[in-house]
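J.: just need the structure, nothing else, for what follows:
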Amino acid sequence: MLKAIIFDIDGTLVDSVDLHARAWQEAFRHFGREVEFERIRHQIGKGGDQLMPVFFSEEELGRFGEEMEKFRGDLFKREYLPRVRPFPQVRELFERVRRDGKRIALASSAKKDELKAYKELARITDLIEEETSADDADKSKPHPDIFVAALGALGDVRAAEAIVIGDTPYDAEAAGKINLRTVGVLCGGFPEAELRAAGCTDIYRDPADLLARYDASPLAVKSSSPATTTASD
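T.: Model (predicted):
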């Protein structure tokens with residue numbers, strides 16, 4: 001029996017991936033490292049603890065990693081967060097999930113203050129039962145800590161009774177490590193083939209597409225019968 005849906009946020013519910021990548025690129029430049037935008041963008045979905053070591057050595061991060069992450073966080077909130085917009089029909093999708101008798105949790109690598117802003121932007125604050133953020137996990141995605149915390153917050157929901165909705169391979173990798181099934185969305189910019197390779201069993205274009213095809217989606221299924229869906233169906 002499916003009891004809960006666990007949603008990622010960045011790139012899944014709100015259009016923020018490019019903005020995060022720009023903020024990281026600017027932060028890297030400030031600390032003397034020029035990195036191509038696309039290389040950084042491909043790492044969005046991880047938290048800073050997993051993203052920064054891709055581009056900086058352990059010695060460099062020991063010297064200025066904490067300062068760089070704070071610089072990026074302040075920059076994002078000041079310059080980029082006001083430009084984030086929700087994807088269409090996020091609230092309507094959440095309302096459909098709730099009418100279907102399922103619980104909703106958020107599991108994001110974002111900080112708590114960013115999470116609050118995203119919930120308000122998407123108008124979903126009143127529809128969420130539980131939430132976990134970077135502050136609730138020792139390690140960010142693709143480690144499973146955030147999803148472990150989400151299941152813990154939900155209490156009586158086992159991994160087999162929940163589905164993750166996410167836009168990156170890191171969501172699927174993290175969820176798969178604790179046997180959570182992942183449904184992918186393409187609105188975060190990752191290719192369908194990459195999402196499937198990471199473990200996504202079903203793919204939709206965005207929240208609006210998932211809502212439009214809700215009755216045939218894994219979210220409406222009462223038991224865990226496997227079905228494979230593609231965004232081009």
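J.: buried residues in the top helix by length along the chain, which are they?
T.: The longest helix of the chain (DSSP state H) is helix 58-75. The neighbour-count check on helix 58-75 (16 or more other C-beta atoms under 10 Å) flags 60-61, 65, 68-69, 71-73, 75 as buried. Where you see a C-beta, it was placed from the backbone N, CA and C, and this is true even at glycine.
J.: same deal with stretch 160-175?
T.: Buried residues in stretch 160-175 (16+ other C-beta under 10 Å): 161-175.
J.: what's the answer for stretch 82-96, then?
T.: 84, 86-87, 89-91, 93-94, 96.
J.: ditto for stretch 207-215
T.: Applying 16+ other C-beta under 10 Å to stretch 207-215 flags 207-214 as buried.
J.: correct me if wrong: residue 37 contacts residue 23.
T.: No: in this structure, residue 37 is not within contact of residue 23 by C-beta atoms under 8 Å, at 11.2 Å.
J.: looking at these two, which is more packed in?
T.: In this view residue 37 and residue 23 are compared by other C-beta atoms under 10 Å, and residue 23 has more residues nearby, 24 against 12.
J.: which strand or helix spans that one?
T.: Secondary-structure element containing residue 23, defined by DSSP states H and E: helix 17-30.
J.: quick one: average pLDDT of that helix?
T.: Regarding helix 17-30, the rounded mean pLDDT is 98.
J.: before we move on, what about stretch 129-136?
T.: Across stretch 129-136, the per-residue pLDDT values average to 90.
J.: gap between it and the chain center?
T.: Remark: stretch 129-136 is offset 12 Å from the chain centroid, using C-alpha atoms, centre = their mean, to the nearest Å.
J.: so which bits of that stretch are buried?
T.: 130-134, 136.
J.: equivalent analysis for stretch 144-158, please.
T.: 144-151, 153-154, 157.
J.: mind giving me the domain split of this structure?
T.: Recorded structural domains for the chain (assignment: automatic domain parsing) are 4-15+85-216, 17-83.
J.: so the residue lying closest to residue 3 once chain neighbours are set aside versus residue 181, what's the distance?
T.: Leaving aside its sequence neighbours, residue 3 sits nearest to residue 161 (C-beta to C-beta, 6 or more residues apart in numbering; 4.3 Å). Per C-beta to C-beta, to the nearest Å, residue 161 is found 10 Å from residue 181.
J.: likewise residue 86?
T.: Distance from residue 86 to residue 181, by C-beta to C-beta: 25 Å.
J.: just the strands in this structure please.
T.: 4-7, 14-15, 85-86, 103-107, 130-132, 162-166, 181-185, 200-204 (DSSP state E).
J.: elements contacting the first one?
T.: Yep, that's strand 4-7 we're talking about. Packing partners of strand 4-7 (3 or more C-beta pairs under 8 Å, 6 or more residues apart in numbering; DSSP states H and E): strand 103-107, helix 145-154, strand 162-166.
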